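Asker: mind folding the following:
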Amino acid sequence: MTAHANAAELIRCAGLSRTHGSGAAAVTAVRDVTGTLRPGMMVALTGPSGSGKSTLLHLLAGLDEPTSGTITWPGLGGSPFGRPGIVGMVLQGPSLLPPLDVAENVALPLLLAGHGEKEARERAGAALAEAGLDDLAARLPEELSGGQSQRVAVARALATRPRLILADEPTGQLDSAHAAVVGTLLLDATARLGAALVLCTHDEALASRLPVRWQMADGRLIAHEVAAGAAADAVTRQGSIVVEGELSC
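Answerer: Take a look at the predicted model:
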């Protein structure tokens with residue numbers, strides 16, 4: 001195990017569970033997840049609908065609190081909740097604010113994170129340029145196609161240069177051609193940024209492009225795989241989200 005592999009943990013979970021409701025109506029969405037997410041990991045989170053994937057993402061993002069167990073964010077300086085730009089998020093459905101044009105939508109997380117207007121505008125422009133969306137900067141969300149909207153959402157998530165990106169079915173409402181474009185943008189830009197990525201998806205073509213696979217069923221992580229060559233010294237444990245060793249992401 002390398003020194004770098006031990007140097008930082010973005011997130012650590014111990015017995016992490018989340019139950020909604022109580023009594024006979026209680027539903028446990030995430031059950032007893034233990035492990036770590038390390039810098040640079042690129043993970044496809046797969047499983048049937050209702051298996052707990054979105055709830056796990058919300059817990060990782062600090063948007064939800066566990067019913068039992070613990071989650072900490074040592075590599076992010078504490079919970080990302082209430083700290084805009086610490087984690088970049090890409091959602092399945094429309095997420096752009098209708099009154100703002102594309103450039104303003106991408107700049108918004110930067111402004112909320114405390115950057116000055118000039119810097120936010122410049123960094124938003126750079127993110128749009130990297131995504132090949134310069135010509136859309138002045139358009140309103142209603143003037144965009146579904147694929148364009150999702151590419152803008154990816155640019156917005158990356159504009160703050162987060163160390164972690166969480167994507168919940170980012171191509172779920174797109175046809176296969178547009179899904180491939182959005183998927184390529186997300187994976188390539190994340191790799192250039194050097195961020196970690198957890199991508200929840202039903203798209204097997206997209207999932208197969210990520211070097212690590214977590215599979216969920218009934219709230220549990222039932223399998224954990226590392227693609228051949230993705231981590232020469234990786235040690236995997238079924239039912240855990242632990243990966244020891246460096247990933248070549």
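
Asker: and the residue lying closest to Arg83 once chain neighbours are set aside, what is it in contact with?
Answerer: Once flanking residues are discounted, Arg83 sits nearest to Ala113: 7.7 Å by Cβ to Cβ, 6 or more residues apart in numbering. Placement of C-beta: from N, CA and C, glycine included. By Cβ atoms under 8 Å, 6 or more residues apart in numbering, the contact list for Ala113 reads 83-85, 160.

Asker: just the buried ones among those, please.
Answerer: 83, 85, 160 (16 or more other Cβ atoms under 10 Å).

Asker: using a markdown table, lay out these together with pLDDT.
Answerer: Formatted as a markdown table, the buried ones among the contacts of Ala113 follow (pLDDT from 0 to 100):
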| residue | pLDDT |
| --- | --- |
| Arg83 | 91 |
| Gly85 | 89 |
| Thr160 | 93 |
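
Asker: and which of these is nearest Val102?
Answerer: Of all those, Thr160 has the smallest distance to Val102: 16.2 Å, by Cβ to Cβ.

Asker: tell me who's in contact with the closest one.
Answerer: Thr160 neighbours (Cβ under 8 Å, 6+ apart): 84-86, 88, 109-110, 113, 123.

Asker: ok, Ala44 next?
Answerer: Per Cβ under 8 Å, 6+ apart, neighbours of Ala44: 199, 201, 206-210, 212-214.

Asker: which of the three states applies to it?
Answerer: strand (DSSP: H, G, I helix; E, B strand; the rest coil).

Asker: surely Gly114 is in a helix?
Answerer: No: using three-state DSSP, the assignment for Gly114 is coil, not a helix.

Asker: gap between Val226 and Leu136?
Answerer: Taking Cβ to Cβ, to the nearest Å as the measure, Val226 falls 37 Å from Leu136.

Asker: export the contacts of Thr160 to JSON lines and append columns for secondary structure and distance to Val33.
Answerer: Converted to JSON lines, the contacts of Thr160 look like this (DSSP: H, G, I helix; E, B strand; the rest coil; distance: Cβ to Cβ, whole Å):
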{"residue": "Pro84", "secondary structure": "coil", "distance to Val33": "26"}
{"residue": "Gly85", "secondary structure": "coil", "distance to Val33": "26"}
{"residue": "Ile86", "secondary structure": "coil", "distance to Val33": "21"}
{"residue": "Gly88", "secondary structure": "strand", "distance to Val33": "22"}
{"residue": "Pro109", "secondary structure": "helix", "distance to Val33": "27"}
{"residue": "Leu110", "secondary structure": "helix", "distance to Val33": "32"}
{"residue": "Ala113", "secondary structure": "coil", "distance to Val33": "29"}
{"residue": "Arg123", "secondary structure": "helix", "distance to Val33": "34"}
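
Asker: of those, which pair is most distant in space?
Answerer: Ile86 and Arg123 (15.4 Å).

Asker: now the residue most central in space within the chain. Its backbone dihedrals?
Answerer: In the chain, the C-alpha nearest the mean C-alpha coordinate belongs to Leu166, at 1.2 Å (Cα atoms, centre = their mean). Here is the backbone geometry of Leu166 (degrees, to the nearest 10): phi -120, psi 130.

Asker: could you do Leu57 as well?
Answerer: Residue torsions, per degrees, to the nearest 10, at Leu57 are phi -60, psi -40.

Asker: contacting residues for it?
Answerer: 45, 166, 168, 198, 200 are the contacts of Leu57 under Cβ under 8 Å, 6+ apart.
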